[in-house]
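**Q** Just need the structure, nothing else, for what follows:
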Amino acid sequence: MTVGADIPRVDGVDKLRGVTRYVDDLTLEGMWHGATIRSPRARGRITNIHFDPAVAWDEFVIVDHRDIPGPNEVAFIENDQPALAAREVRFRHEPVLLIAHRSPAALRRARRAIRIDVEPLPAVLSPHQPVTPELLQYCDDNVFKRIDISKGDVAAVFAAAPHVIEGTYETGAQEHVYLEPQGMLAYHEDGRLVARGSLQCPYYVLNALTHLFARPPEAFRVIQTPTGGAFGGKEDFPSILAIHAALLAERAGAPVKMIYDRQEDMAATTKRHPSRVRHRTAVDDDGRLLAMEIEVVLDAGAYVSLSPVVLSRGCLHATGPYYCENVRVHGEARLTNTPPNGAFRGFGAPQTLFAVERHMNVIAEHLGLDPAELRRRNLLRDGQTMATGQVFRDGTDLVGLFERTLELSSYRQRRKQHAAFNAKHPYLRRGVGFASFFHGAGFTGAGEKHLASEASVAGLPDGTVEVLTAQTEMGQGALTVLSQIVADRLGIPLALVRVATPDTSRVPNSGPTVASRTVMIVGRLLERACDDLVARLPSGTDEGCAALSDAIRAWHAANHGQALRGHARYSQPASIAWDEEHYRGDAYACYAWATHAAEVEVDLRTFIARVTDYVAVQEVGKVVNPTLARGQIQGGVAQAIGWALTEDVVLEDGAMANNQMTNYIIPASGDLPPIRVYFEQQPTPYGPQGAKGLGELPMDGGAPAVINAVCQALGTSISQIPLTPERLLEHLEGTAGG
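**A** The predicted structure follows:
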């Protein structure tokens, strides 16, 4: 058995040795280098473009919107974003021109020799800014998407409730800070235009190229190179970069490589959506949730991008893992003249879960209850319904999961110890906090049904098996866990399994590598594809390694030149029902669940909050590879701690002003506590051997756990992150003054 075993990463040795070749390591004969010329303003009309006459521009390839062969649109949820701005710009750093040259040095000099004149127009720099007529840029209200979820009779309950508690919670943007910046190489090969680069979703890029060039999919080939991190930042944006590189390659008649440096990457690419979430909650004297009214507002940026589905997941997670019979959630994704915000690990859930987990502590304070007791009384039990009416029925003991976290973190003892310490120490304050949360695996609602993903396994002439999917390895261990799932299903050693490079000319469209779906959705498809492969062989060949490999070799000997493949296509289980129009039913096939506890120490001389210990307990179904799963949890917690305390995206004129690693502060190893990871395993019928998605889950709970600990340490209530030292000082001075 390989599923459940600590198999070393199949790509680990090459990466440790430094032989893995990323896109910037690739060089083709006659290759040019490309760059983007961007808007200097948040919003305005392009009036002129100046080219310094001292530069020999005839040595360059220059592309603008007039050189686009098809619609000037980036194909995505809505085709509202131009590949290159034509007359107006909607955000600072919006692409206007593309240039290319054989020399990177000449290209750098030329970028400084082009000036774009933009006549300014009134800009929306906050999603909460009143929308006057001169600010309208989308429909009649600048709202890209609205979502409403309703259950029960909220108004009637509020009218009679003994307690109504309100709160507003804000979260900031967050930069992905993947190790490898955005990069793409475009060239012609065998009559096709090839885009090869650092990306998560090959078929998204293929669709964007097909749309913009107005050519059939067969005219293109998209290949993922080894990708040095993504976290969602390479879900949508690579479509834009592939378009740009391909336009330059077409014009140059030569390969063109485009690699962003860190500053351009941080300034121009997508971020986590900033949010403001308002809670109004009715409770009884015992702390039982009677009604929840929640308003979610996301800052979408200048174009639609992924904001509708980010908002959807955020709204669906807004009530937390709690039972409440009466719920009303209203969500809006609003336009601002800032770079479009997009996918980021958690995908809207971290924002709304931060709000509900902070609000639960506020409710507990109001009622004089321990926040642990408040949660214990309200956590979902089997047979109860969630906000959409979905019945909680996966058998997970959420109260038991919660209690295990309190025990492993010594929560009760720590509270007493910290109270004694805080009473004596002149400037250090210690606290412990926690958060309970969940994350739906796979696409929302009928999303997986609409994707209709396909996956294959091929029996090769030498008796080995090749996994054929569009799932990408970006550091999370996908190559390893998919190999384990296939090896286990076929009963063969891992050494006989290899995973094909995601290449749209070779692999079926198994859907994007997003939404915690790779293991659960695609892994289950691969199990079915393995069964189909075995069914194509003579009977009796599923009884072991030698028999299967021999049968594959024998099949090829008898069927010269033919392909031997097992195949599977997603079909939605009959037990899952979703009403997209009314947002009712089974929002996700299954959920992963967690409670995390954090200890902090706050220095009142510097106002720095430091996390000193962290316990993470999660139920994720069958754990396919414990070491990789533990690494995923620890990495997500590290990102969540950074989002909570240090990662402050500072905007000036709608653009990131601190777009460099010297003043955008992410946690280094010395800034992180021991992160102790524990698993519960409640298998789901929808994943391979019961596995659920887990990659996004740890991002969801870290920020509220940390901030709840800070609030407990200081005896205050904090509602905004990141909690930088400056913001904490301002908060404490404000509360003291009030």
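
**Q** Which strands and helices lie in contact with the helix or strand that P698 is a member of?
**A** Per DSSP states H and E, P698 falls inside helix 697-714. Here helix 697-714 touches helix 349-367, helix 411-424, strand 428-440, strand 591-603, strand 608-619, helix 626-645, going by 3 or more C-beta pairs under 8 Å, 6 or more residues apart in numbering; DSSP states H and E. In short, each C-beta sits where N, CA and C put it, glycine included.

**Q** buried sites along it?
**A** 697-714 (16 or more other C-beta atoms under 10 Å).

**Q** Now mean pLDDT and mean neighbour count too, for the helices and strands packed on helix 697-714, in CSV please.
**A** Below are these laid out as CSV (pLDDT from 0 to 100; neighbours: other C-beta atoms under 10 Å):
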stretch, mean pLDDT, mean neighbour count
helix 349-367, 98, 25
helix 411-424, 97, 14
strand 428-440, 98, 26
strand 591-603, 98, 27
strand 608-619, 98, 23
helix 626-645, 98, 23
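
**Q** Which pLDDT value belongs to the residue lying farthest from the centre of the chain?
**A** Among the C-alpha atoms of the chain, the one most distant from their mean position (C-alpha atoms, centre = their mean) is that of A558, at 46.6 Å. We have a pLDDT of 92 for A558.

**Q** From P538, how far out is it?
**A** Distance, A558 to P538, using C-beta to C-beta, to the nearest Å: 10 Å.

**Q** for P461, same thing?
**A** P461 is 17 Å from P538, by C-beta to C-beta.

**Q** quick one: which of those two has more around it?
**A** The residue with more neighbours, out of P461 and P538, is P461; 13 against 10, by other C-beta atoms under 10 Å.

**Q** Which element is encountered next along the chain beyond the least confident helix or strand in the chain by mean pLDDT?
**A** Least confident helix or strand, the chain: helix 545-558 with a mean of 89, by mean pLDDT, DSSP states H and E. Downstream of helix 545-558, the first helix or strand assigned by DSSP H and E is strand 564-569.

**Q** mean confidence for that following strand?
**A** Rounded mean pLDDT across strand 564-569 is 98.

**Q** Run through who's touching it.
**A** 452-460, 468, 508, 525-526, 528-536, 552, 555-556 (C-beta atoms under 8 Å, 6 or more residues apart in numbering).

**Q** That strand vs helix 545-558, what angle?
**A** Interaxial angle, strand 564-569 versus helix 545-558 (axes from the mean of the first three to the mean of the last three C-alpha atoms, to 10 degrees): 110 degrees.

**Q** Would you mind identifying the next helix or strand past strand 564-569?
**A** Proceeding N to C from strand 564-569, the next assigned helix or strand is strand 578-579, under DSSP H and E.

**Q** Parallel or antiparallel, which strands does that following strand pair with?
**A** Strand 578-579 pairs in its sheet with strand 584-585 (antiparallel), by DSSP bridges.

**Q** Over the partner strand, what's the mean pLDDT, rounded is fine.
**A** Strand 584-585 comes out at a mean pLDDT of 97.

**Q** Show me what it is in contact with.
**A** Strand 584-585 has contacts (C-beta under 8 Å, 6+ apart) with 388-390, 445, 576-579.

**Q** Also stretch 159-169?
**A** Here stretch 159-169 makes contact (C-beta under 8 Å, 6+ apart) with 158, 276-285, 290-291, 354-355, 358-359, 362-363, 366-367, 719-720.

**Q** List the buried residues for the helix or strand in which R115 is found?
**A** When elements are assigned from DSSP H and E, R115 belongs to strand 114-120. Residues 114, 116, 118 are the ones in strand 114-120 that count as buried (16+ other C-beta under 10 Å).

**Q** next one: stretch 451-470
**A** Quick answer for stretch 451-470 (16+ other C-beta under 10 Å): 451, 453-460, 463-470.

**Q** For it, give the distance from the opening residue to the closing one.
**A** Length of stretch 451-470, first residue to last, C-alpha to C-alpha, to the nearest Å: 13 Å.

**Q** Measure how far that stretch is from the centre of its chain, please.
**A** Centroid separation between stretch 451-470 and its chain, computed with C-alpha atoms, centre = their mean, to the nearest Å, is 26 Å.

**Q** tell me the average confidence for that stretch?
**A** Mean predicted confidence for stretch 451-470 is 97.

**Q** same question, stretch 659-669
**A** Stretch 659-669 carries an average pLDDT of 96.

**Q** Repeat that for stretch 727-738.
**A** On average, the pLDDT along stretch 727-738 is 86.

**Q** Only alpha carbons, please: show it as CSV.
**A** Only the C-alpha atoms of stretch 727-738 are listed here, as CSV (Å, rounded to 0.1, in the frame of the first residue of the first chain):
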residue,chain,number,x,y,z
ARG,A,727,-1.9,49.6,13.7
LEU,A,728,-1.7,48.0,17.2
LEU,A,729,-0.3,51.2,18.7
GLU,A,730,-3.0,53.2,17.0
HIS,A,731,-5.7,50.8,18.3
LEU,A,732,-4.4,50.8,21.9
GLU,A,733,-4.1,54.6,21.9
GLY,A,734,-7.6,54.9,20.6
THR,A,735,-9.1,52.6,23.2
ALA,A,736,-7.2,54.3,26.0
GLY,A,737,-8.3,57.7,24.7
GLY,A,738,-11.9,56.5,24.5
